[in-house]
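Trainee: Fold the stuff below for me.
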Amino acid sequence: MPSDSEREAIITSILRKKRPLLDADVSWIQKDIAAYGEELSNLETQITLLIRRKEELERSHSSDGDDKQVQVDMLGTQVKFDIIYDVSPCGITWHGTTLPILYRSVTGPDNIMLEIFRWAAHRPKTSLDVTKGVWPLGKVCGWWWDIVLASPILWSVVILKPPYTRHSVDILTRHFCRSAEFPLWIAVKTGDSANDGRIFDMVIQKSGLWKMMDMNAPSKDLTKLSSVSGNIHLLEELYVFTKQEAHFSTDALSSAPLLRRADLEPLEISQLSLNASFLTHFSGTLHHLAEIQYIAQIQTLIDICIIFCNDSDRPLDSGNLLPVRMEQLQFLSVNNVKILDALTAPSLRKLDYGPASVSNEDDISIHSLRDFLERSACSISYLGILAEMVPKIHHLMAFAKKVNYLTVYYPKNRPLRSLGTLTLPKILPTMKSLKLSITDARWGRRYPGGVIDVVHQRFDEERATAFNVTRLSRLDLDCVDVLRAEVIGLLKREGLDALEEQGLQLGKGSPYLPVDQYWTGCWFT
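Mentor: Here you go, the predicted model:
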């Protein structure tokens, strides 16, 4: 019997009609097919069981909420992982490397393999590393090479990060060539070097195929956005970031008829030029509350994040403005409560008052929140507030009775307050999940014990029954990397371990969004 590599070469030649099928080949091919057929049968059984479990979770999702959806999503990913693990040369070692070819001859699964390749290929840290992502898939066998070359969708996600070398342009040229005319999801970060500039220019030249664009670049590069005017008819999602003061035009965006999501925080809202026919998600910066009126004209918006730029020369002043009404708005994130004075949102479900605020007084903040909720007459299920507002959260209870998820922010250089108010019977009676977002290094020296006491009381089943409130089921801890181990260690010493053993779910994360986190989720799989 030929060796594994010889068998692969022989079968590739036969399938490509470069060599006839000899009688001597039949025996070992039949043995391989039988062996792989048994392996595939076992794999199909596993997949069937996983899919059946996924369907069970989906059926029960409507009654159990977001936690079930997380399980469903994870199970879907597990199905894909099991498949790629079993067929990948980097996973289980099969009897030979001819499996991919024989797999096709048994079941003809080009479309299945393409879906598996998409899942595997869309996770490189950079698309210019030819040892990762989609590049090495074509080296497994001739059949895989044919699929990789003939499938532009595999090359449609382009992740570009410095440092760039003199070879980067050539590699990106090949990558773009293989993506053909397929719509592109691109994330590009550039600096000031000549190589960076060339990479950015190549991305700009592909603007006609942009579907999602995330660019982090110097202002000198961002000025080139004006050149894409009239050529971004496929663009649906745009993220722009620069560390420098932004001086570039967004007039080109008025020629983006399909634009739905725009994160343009470096720019003042009043400077924006948008075709807002389909815009549903928006993030931007303001200096004057009057600029809210510009955003309010876009009645298709369902999710907005408004950042107040703390400029002492241009203070945020509401003047005599009347609140503008945004009928469709469901998710609102602000970093200054004065922004709420200028809005009314009757359909709001999620309100996040983030930690970037540095100048609001406690009383002003809580009363602005209350007035906004009363005026909007909305029913929110999520609330994010600063820790210093928790002792006065009772002022919100007439309008926040249906909140099931509370986020408490502990930003740097802000007063640290106890969460004891959350143990009162009528405070957030439907709260199931509590998140602590901690970036203040002082927190660990003062509050672990008090937090565990609050969590313990809200988690206690007898207490929940006695007070007719929802039992807390989940605690999420979002800490900066340098604090995470310390904070979790302190909480465990105060009794977090015991609560976990009793069934409390614990989540651990970062207070900052991952670099590849978008409104539509992480990279497109």
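Trainee: What segments of the stretch 301-450 of the chain are helices?
Mentor: 362-376, 448-459 (DSSP state H, counting those that start in this stretch).
Trainee: can you redo the ones you listed as a markdown table with distance to A150, mean pLDDT and mean neighbour count?
Mentor: Glycine gets a C-beta too; all of them are placed from N, C-alpha and C. Shown next, in a markdown table, are the helices of the stretch 301-450 of the chain (distance: least, Cβ to Cβ, whole Å; pLDDT from 0 to 100; neighbours: other Cβ atoms under 10 Å):
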| stretch | distance to A150 | mean pLDDT | mean neighbour count |
| --- | --- | --- | --- |
| helix 362-376 | 53 | 86 | 18 |
| helix 448-459 | 55 | 89 | 19 |
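Trainee: Let me have those helices in CSV, adding distance to E6 as columns.
Mentor: Below are the helices of the stretch 301-450 of the chain laid out as CSV (distance: least, Cβ to Cβ, whole Å):
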stretch, distance to E6
helix 362-376, 72
helix 448-459, 63
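Trainee: and S3, which of the ones you listed is closest to it?
Mentor: If you check each of the helices of the stretch 301-450 of the chain against S3 by Cβ to Cβ, helix 448-459 wins as the nearest, at 60.9 Å.
Trainee: List the buried residues in whatever helix or strand comes next after the closest one.
Mentor: Along the chain past helix 448-459, the next helix or strand (assigned with DSSP states H and E) turns out to be helix 461-467. Of the residues in helix 461-467, those scored as buried under the neighbour-count criterion (16 or more other Cβ atoms under 10 Å) are A464.
Trainee: Neighbouring strands of the next helix or strand after helix 461-467 in the sheet, and parallel or not?
Mentor: Sequence-wise, the next helix or strand beyond helix 461-467 is strand 474-479, with elements assigned using DSSP H and E. Within its sheet, strand 474-479 is paired with strand 433-438 (parallel), strand 505-509 (parallel), according to DSSP bridges.
Trainee: Between the ones you listed, which one is closest to E6.
Mentor: Closest approach to E6 among those (Cβ to Cβ): strand 505-509, 49.8 Å.
Trainee: coming back round to it: closest one to L40 among the helices of the stretch 301-450 of the chain?
Mentor: Taking Cβ to Cβ as the criterion, helix 448-459 is the member of these that comes nearest to L40, at 46.6 Å.
Trainee: and that closest one, how far out from the chain's middle?
Mentor: Put simply, helix 448-459 sits 30 Å off its chain's centre (Cα atoms, centre = their mean, to the nearest Å).
Trainee: again, but for stretch 177-194
Mentor: That offset, for stretch 177-194, works out to 20 Å (Cα atoms, centre = their mean).
Trainee: in that stretch, what's buried?
Mentor: Residues of stretch 177-194 classed as buried under the neighbour-count rule (16+ other Cβ under 10 Å) are R178, S179, P183, L184, W185, I186, A187, V188, K189, T190.
Trainee: Select, out of the helices of the stretch 301-450 of the chain, the one closest to L286.
Mentor: Distances from L286 to each of those were compared by Cβ to Cβ, and the smallest falls on helix 362-376, at 16.1 Å.
Trainee: which residues sit against the closest one?
Mentor: 323, 337-338, 340-341, 343-346, 348, 351, 353, 357, 380, 385-386, 388-389, 392-393, 395-396, 398-400, 415 (Cβ atoms under 8 Å, 6 or more residues apart in numbering).
Trainee: Those residues in strands, which ones?
Mentor: L343, T344, L351, Y353, I385, L386 (DSSP state E).
Trainee: hmm, which of the contacts of helix 362-376 are the buried ones?
Mentor: Judged by neighbour count, with 16+ other Cβ under 10 Å as the criterion, the buried members of the contacts of helix 362-376 are 323, 337-338, 340-341, 343-345, 348, 351, 353, 357, 380, 385-386, 388-389, 392-393, 396, 399-400.
Trainee: For the longest helix seen in the chain, name the packing helices and strands.
Mentor: Scanning the chain for the helix with the most residues, using DSSP state H, yields helix 23-64. Packing partners of helix 23-64 (3 or more Cβ pairs under 8 Å, 6 or more residues apart in numbering; DSSP states H and E): helix 4-15, helix 66-87, helix 99-107.
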